[in-house]
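Engineer: please work out how this folds:
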Amino acid sequence: MPEISIRGQRMPESPIRKLAPYADIAKKKGHKVYHLNIGQPDIKSPEIAIQAIKNIDLTIIEYGPSAGYESYRKKLAQFYTKQDVKVGYEDIMITTGGSEALLFALGSIMDPGDEVIIPEPFYANYSAFSEESSAKVVPVISTIESGFTLPTIEEFEKAITSKTKAILICNPNNPTGYLYSESEINQLGELVKKHDLFLIADEVYREFIYDERDKHFSVMNLKGIEQNVIMIDSVSKRYSMCGARIGCMVTKNRAVIAAAMKFAQARLCPPTIEQIACEAAIDTPQSYFDEVIVEYKERRNILISELNKIEGVVVKTPKAAFYCIAQLPVDNTDDFAQWLLESFNSNGETVMVAPAAGFYSTPGVGLNQVRIAYVLKKEDLISAVRILKEALTAYNSK
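Structural biologist: Residues are numbered from 1 along each chain as shown. Predicted coordinates for the structure are as follows:
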């Protein structure tokens with residue numbers, strides 16, 4: 001029979017979802033599974049967005065503009081300006097989720113064989129997006145010992161070759177929860193200017209910062225490299241609207257926008273109804289975010305406190321987003337995570353985690369680490385970590 005493409009064979013599996021069949025089997029056995037593996041918030045979406053959907057009065061759900069509705073882009077530009085990110089609506093292209101924005105950005109700037117430097121661990125789909133764009137990921141490693149701070153500029157310099165086209169970061173970071181400082185972003189800006197590279201920043205977690213002394217600094221505020229910078233954003237986490245699949249690519253580089261539009265026209269337009277909901281969501285009151293941040297900060301503190309009680313676990317307190325990387329006293333978390341679902345339960349309950357090796361592109365790194373998403377209510381987090389502790393004891397005594 002005909003073979004699938006080399007690209008299809010090379011596409012990496014998602015470390016977040018590859019264990020899903022085992023979770024399904026566990027549930028069919030009647031076991032409750034605590035999902036620490038995926039960043040699906042349990043926070044209610046803003047009521048203003050839900051009502052906008054309910055109040056839609058359309059006789060035809062028609063195609064919209066490929067770049068997204070102008071009214072939404074204008075409102076989004078105003079939203080960014082209030083956050084001291086000064087852009088115009090013409091700098092914004094609405095996409096089907098932040099994932100599509102990243103895919104369009106890489107597709108617009110990368111040629112086959114070009115290299116993109118990414119600090120690892122990184123969001124696993126970056127490898128997939130790069131593969132789809134025929135680009136090569138060149139990692140620079142950040143470590144759990146340092147709290148996953150930005151690798152030194154010297155490490156970036158060592159990684160730059162004649163094929164290097166871009167640096168890609170996630171700030172705040174998924175999967176580590178690290179928040180890059182203004183100083184770190186400025187250092188990257190100087191490096192990008194020196195080597196005339198693109199700097200792509202995935203900033204979808206910008207609201208989720210838990211300590212008042214910490215502030216998010218957007219790459220859109222870097223001076224002198226406006227043509228080099230591309231920002232990726234999404235409504236998924238900000239408004240707990242993951243299923244809306246609305247994101248955007250933001251750049252002042254007109255050539256990048258024009259190239260991305262060619263990709264965008266192939267899918268005709270971003271979803272019509274979801275754009276209506278997202279435009280309404282921009283008017284979500286600040287009180288919504290204040291409550292969400294308080295809740296996530298409490299969840300973070302409880303999770304880290306409980307994990308630190310387990311002998312052999314190493315974890316740093318994340319500054320932002322709602323993830324952390326935890327190092328476990330096991331040799332292979334892929335095996336452990338599967339065993340958790342297949343062979344272990346505590347009074348009919350078990351835990352699903354995301355093995356962290358899939359968030360690295362360097363072979364053999366992260367084998368004893370997992371990514372944990374603290375998107376469950378506090379009592380569930382306490383139960384999940386208790387089960388994890390019991391499971392580690394049982395696994396290591398096999």
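
Engineer: please make it C-alpha for all contacts and neighbour counts, starting now.
Structural biologist: Will do.

Engineer: ramachandran coordinates for residue 319?
Structural biologist: phi -90, psi -20 (degrees, to the nearest 10).

Engineer: correct me, but it touches residue 211?
Structural biologist: Yes: using C-alpha atoms under 8 Å, residue 319 is in contact with residue 211, at 7.2 Å.

Engineer: who's more crowded, these two?
Structural biologist: Taking other C-alpha atoms under 10 Å, residue 319 and residue 211 do not tie; residue 319 has more neighbours (23 against 11).

Engineer: please list all residues in contact with the more buried one.
Structural biologist: 177, 178, 179, 209, 210, 211 (C-alpha atoms under 8 Å, 6 or more residues apart in numbering).

Engineer: find the nearest non-adjacent residue to residue 99, please.
Structural biologist: Nearest residue to residue 99, sequence neighbours excluded (C-alpha to C-alpha, 6 or more residues apart in numbering): residue 247, at 7.7 Å.

Engineer: show me what the longest helix seen in the chain is packed up against.
Structural biologist: In the chain, assigned by DSSP state H, the helix with the most residues is helix 286-307. Under the contact criterion of 3 or more C-alpha pairs under 8 Å, 6 or more residues apart in numbering; DSSP states H and E, helix 286-307 touches helix 378-396.

Engineer: how many residues are close by residue 4?
Structural biologist: Residue 4 is flanked by 8 other residues according to other C-alpha under 10 Å.

Engineer: same question, residue 132
Structural biologist: For residue 132, the count of nearby residues is 17 (other C-alpha under 10 Å).

Engineer: one more: the one 3 residues further on?
Structural biologist: By other C-alpha under 10 Å, the residues close to residue 135 number 24.

Engineer: what's the answer for the one 3 residues further on, then?
Structural biologist: When neighbours are counted by other C-alpha under 10 Å, residue 138 registers 19.

Engineer: what does the pLDDT read for it?
Structural biologist: pLDDT for residue 138: 98.

Engineer: please look at it and residue 118 and confirm they touch.
Structural biologist: Yes: using C-alpha under 8 Å, residue 138 is in contact with residue 118, at 6.3 Å.

Engineer: overlap of the contact sets of those two?
Structural biologist: Taking C-alpha under 8 Å, 6+ apart as the contact rule, residue 138 and residue 118 touch no residue in common.

Engineer: ok, and the closest non-adjacent residue to residue 325?
Structural biologist: With sequence-adjacent residues excluded and distances taken as C-alpha to C-alpha, 6+ apart, residue 325 is closest to residue 371, at 4.6 Å.

Engineer: no wait, residue 150
Structural biologist: Closest residue to residue 150 apart from its sequence neighbours, by C-alpha to C-alpha, 6+ apart: residue 142 at 6.4 Å.

Engineer: compute the number of surrounding residues for that neighbour.
Structural biologist: By the criterion of other C-alpha under 10 Å, residue 142 has 18 neighbours.

Engineer: residues in contact with it?
Structural biologist: Residues near residue 142 by C-alpha under 8 Å, 6+ apart: 119, 120, 121, 148, 149, 150, 151.

Engineer: in strands, which of these fall?
Structural biologist: 119, 120 (DSSP state E).

Engineer: tell me the most packed of the contacts of residue 142, by neighbour count.
Structural biologist: residue 121 (28 neighbours).

Engineer: phi, psi of that residue?
Structural biologist: Dihedral pair for residue 121: phi -70, psi 150, per degrees, to the nearest 10.

Engineer: could you report the pLDDT at residue 8?
Structural biologist: With respect to pLDDT, residue 8 scores 83.

Engineer: what about it, distance to residue 97?
Structural biologist: Computed as C-alpha to C-alpha, to the nearest Å, the residue 8 to residue 97 distance reads 22 Å.

Engineer: specify which residue of the two has the higher count of neighbours.
Structural biologist: Taking neighbours as other C-alpha under 10 Å, residue 8 and residue 97 compare with residue 97 leading, 23 against 12.

Engineer: the more buried one: what's it in contact with?
Structural biologist: Contacts for residue 97 (C-alpha under 8 Å, 6+ apart) come out as 234, 235, 236, 244, 245, 246, 247, 248.

Engineer: from the residues you listed, pick the one nearest residue 398.
Structural biologist: Nearest to residue 398 among those, counting by C-alpha to C-alpha, is residue 236 at 40.7 Å.
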